[in-house]
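Enquirer: this one's structure only:
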(Lines give C-alpha, C1' and ligand atoms only; values in the text may rest on other atoms or scores of the structure.)
Protein backbone atom coordinates (compact mmCIF):
# COMPACT_ATOMS: atom_id res chain seq x y z
CA UNK A 1 0.00 0.00 0.00
CA UNK A 2 1.27 3.45 -0.87
CA UNK A 3 2.09 6.08 1.67
CA UNK A 4 -0.22 9.12 1.83
CA UNK A 5 2.72 11.42 1.02
CA UNK A 6 3.62 9.39 -2.07
CA UNK A 7 0.09 9.68 -3.37
CA UNK A 8 -0.14 13.41 -2.62
CA UNK A 9 3.14 14.01 -4.43
CA UNK A 10 1.47 12.82 -7.63
CA UNK A 11 -1.01 15.66 -7.37
CA UNK A 12 1.68 18.19 -6.51
CA UNK A 13 3.75 16.98 -9.46
CA UNK A 14 0.77 17.28 -11.80
CA UNK A 15 0.14 20.82 -10.53
CA UNK A 16 3.79 21.75 -11.07
CA UNK A 17 3.77 20.25 -14.57
CA UNK A 18 0.74 22.35 -15.43
CA UNK A 19 2.48 25.50 -14.17
CA UNK A 20 5.70 24.64 -16.01
CA UNK A 21 3.62 24.09 -19.14
CA UNK A 22 2.51 27.71 -18.99
CA UNK A 23 -0.73 27.42 -17.02
CA UNK A 24 -0.25 29.94 -14.21
CA UNK A 25 -3.39 28.86 -12.36
CA UNK A 26 -4.25 25.20 -13.04
CA UNK A 27 -7.83 24.05 -12.52
CA UNK A 28 -9.01 20.65 -11.33
CA UNK A 29 -9.61 19.51 -14.90
CA UNK A 30 -6.00 20.36 -15.83
CA UNK A 31 -4.58 18.26 -13.01
CA UNK A 32 -6.96 15.38 -13.70
CA UNK A 33 -5.99 15.43 -17.38
CA UNK A 34 -2.28 15.25 -16.54
CA UNK A 35 -2.80 12.39 -14.08
CA UNK A 36 -5.01 10.44 -16.46
CA UNK A 37 -2.42 10.81 -19.24
CA UNK A 38 -0.10 8.58 -17.20
CA UNK A 39 -2.77 6.15 -16.08
CA UNK A 40 -3.52 7.56 -12.63
CA UNK A 41 -7.15 7.78 -11.58
CA UNK A 42 -7.51 11.07 -9.71
CA UNK A 43 -9.40 11.70 -6.51
CA UNK A 44 -11.38 14.95 -6.78
CA UNK A 45 -10.98 15.68 -3.05
CA UNK A 46 -7.21 15.51 -3.32
CA UNK A 47 -7.20 17.63 -6.45
CA UNK A 48 -9.31 20.26 -4.69
CA UNK A 49 -6.96 20.19 -1.70
CA UNK A 50 -3.88 20.77 -3.88
CA UNK A 51 -5.58 23.60 -5.75
CA UNK A 52 -6.71 25.25 -2.52
CA UNK A 53 -3.24 25.02 -0.96
CA UNK A 54 -1.19 25.99 -4.00
CA UNK A 55 -3.62 28.19 -5.91
CA UNK A 56 -2.63 31.84 -6.16
CA UNK A 57 0.86 31.22 -4.80
CA UNK A 58 4.10 31.66 -6.67
CA UNK A 59 5.69 28.27 -7.34
CA UNK A 60 9.15 29.86 -7.23
CA UNK A 61 8.46 31.24 -3.76
CA UNK A 62 7.09 27.90 -2.56
CA UNK A 63 10.19 26.09 -3.79
CA UNK A 64 12.49 28.67 -2.16
CA UNK A 65 10.57 28.32 1.10
CA UNK A 66 10.87 24.53 0.91
CA UNK A 67 14.60 24.76 0.31
CA UNK A 68 14.98 26.97 3.37
CA UNK A 69 13.11 24.44 5.49
CA UNK A 70 15.20 21.55 4.14
CA UNK A 71 18.48 23.36 4.71
CA UNK A 72 17.68 23.81 8.38
CA UNK A 73 17.19 20.07 8.89
CA UNK A 74 20.07 17.85 10.00
CA UNK A 75 21.21 15.74 7.09
CA UNK A 76 22.90 12.78 8.73
CA UNK A 77 25.57 11.47 10.99
CA UNK A 78 29.34 11.86 10.93
CA UNK A 79 29.74 12.81 7.28
CA UNK A 80 30.04 16.49 8.16
CA UNK A 81 33.10 15.86 10.33
CA UNK A 82 35.22 14.53 7.46
CA UNK A 83 35.87 17.88 5.69
CA UNK A 84 37.07 19.38 8.97
CA UNK A 85 40.39 17.52 8.70
CA UNK A 86 42.71 20.11 7.18
CA UNK A 87 46.25 21.33 7.57
CA UNK A 88 48.95 18.94 8.74
CA UNK A 89 46.53 16.08 9.35
CA UNK A 90 45.32 16.05 5.76
CA UNK A 91 48.75 15.61 4.15
CA UNK A 92 49.61 12.28 5.82
CA UNK A 93 46.15 10.98 5.00
CA UNK A 94 46.61 11.87 1.34
CA UNK A 95 50.03 10.21 1.30
CA UNK A 96 48.55 7.09 2.88
CA UNK A 97 45.86 6.95 0.18
CA UNK A 98 48.51 7.20 -2.55
CA UNK A 99 50.46 4.31 -0.99
CA UNK A 100 47.33 2.18 -0.92
CA UNK A 101 46.59 3.00 -4.56
CA UNK A 102 50.12 1.96 -5.58
CA UNK A 103 49.79 -1.32 -3.68
CA UNK A 104 46.49 -2.04 -5.42
CA UNK A 105 48.04 -1.31 -8.82
CA UNK A 106 50.89 -3.72 -8.10
CA UNK A 107 48.43 -6.40 -7.03
CA UNK A 108 46.43 -5.92 -10.22
CA UNK A 109 49.56 -6.28 -12.32
CA UNK A 110 50.59 -9.49 -10.59
CA UNK A 111 47.08 -10.91 -10.96
CA UNK A 112 47.19 -10.32 -14.72
CA UNK A 113 50.42 -12.36 -14.95
CA UNK A 114 48.62 -15.35 -13.45
CA UNK A 115 45.68 -15.20 -15.82
CA UNK A 116 47.16 -18.02 -17.91
CA UNK A 117 47.74 -20.11 -14.73
CA UNK A 118 51.40 -20.62 -15.55
CA UNK A 119 51.06 -21.98 -19.06
CA UNK A 120 50.01 -20.54 -22.37
CA UNK A 121 47.54 -21.99 -24.80
CA UNK A 122 50.11 -22.22 -27.60
CA UNK A 123 53.27 -23.01 -25.61
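Expert: Here it is on my side, so go on. As the structure is a computational prediction, the values presented were derived from the model and not from experiment.

Enquirer: going forward, measure contacts between C-alpha atoms and count neighbours the same way
Expert: Noted.

Enquirer: how about the strands in this protein?
Expert: Applying DSSP state E to the chain gives no strands.

Enquirer: Tell me how many other residues surround residue 17.
Expert: When counting by other CA atoms under 10 Å, one arrives at 16 neighbours for residue 17.

Enquirer: Tell me how far the closest residue to residue 24 other than its chain neighbours lies from residue 27.
Expert: Among residues not flanking residue 24 along the chain, residue 18 sits closest, at 7.8 Å (CA to CA, 6 or more residues apart in numbering). Distance, residue 18 to residue 27, by CA to CA, to the nearest Å: 9 Å.

Enquirer: swap in residue 36?
Expert: Residue 36 is 14 Å from residue 27, by CA to CA.

Enquirer: Among those two, which residue is more densely surrounded?
Expert: residue 27 (15 against 12).

Enquirer: mind pulling up the phi and psi values for the more buried one?
Expert: Dihedral pair for residue 27: phi -100, psi 170, per degrees, to the nearest 10.

Enquirer: quick one, what contacts it?
Expert: By CA atoms under 8 Å, 6 or more residues apart in numbering, residue 27 lies in contact with residue 51.

Enquirer: do that again at 10 Å, thanks
Expert: Shown in contact with residue 27 (CA atoms under 10 Å, 6 or more residues apart in numbering): 15, 18, 47, 48, 51, 55.

Enquirer: pLDDT score assigned to it?
Expert: pLDDT recorded at residue 27 is 94.
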